[in-house]
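Asks: Coordinates for the following, if possible.
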Amino acid sequence: MERYGVAYALGAAALFGASTPAAKLLLRDISPLMLPALLYLGAAILLSAYSFIFPHSSESQIARGDLIPIGGVVLFGGILGPILMFQGLAQLSAVTGSLL
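Replies: Below you'll find the predicted structure:
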């Protein structure tokens, strides 16, 4: 079972490393604000399909004390972070962007 975890970790690292050069290529045709919106739309559609196929969840409920930290994560990591990253990628060369 441990070998599956290693394979998943290596696959995730490879996909994460490929995401910046792929995003740089997509920014030639799509605005830096539209690209993260489309990526989040695709993720929402896939997660909705997954929850429709597998409706039972064993996750715990969100507590009231978790709302402020979750709101910060959504604001900075889910909205401002991708917008600023793609704005920066649009202004950088492909080599510099892939090194970052």
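Asks: Return the distance of residue 70 relative to residue 85.
Replies: Separation of residue 70 from residue 85 (C-beta to C-beta, to the nearest Å): 21 Å. C-betas here are computed from N, CA, C, even on glycine.
Asks: So between these two, which is more surrounded?
Replies: Per other C-beta atoms under 10 Å, whichever of residue 70 and residue 85 has more neighbours is residue 85, with 17 against 11.
Asks: Run through the protein and note the low-pLDDT ranges.
Replies: 1, 94, 98, 100 (pLDDT under 70).
Asks: could you redo the last one with a cut-off of 80?
Replies: The chain contains residues with pLDDT under 80 at 1-3, 56-59, 93-100.
Asks: pull the longest helix from it.
Replies: Ranked by number of residues, the top helix in the chain under DSSP state H is helix 2-26.
Asks: packing partners for that helix?
Replies: In terms of contacts (3 or more C-beta pairs under 8 Å, 6 or more residues apart in numbering; DSSP states H and E), helix 2-26 is packed against helix 81-91, helix 94-99.
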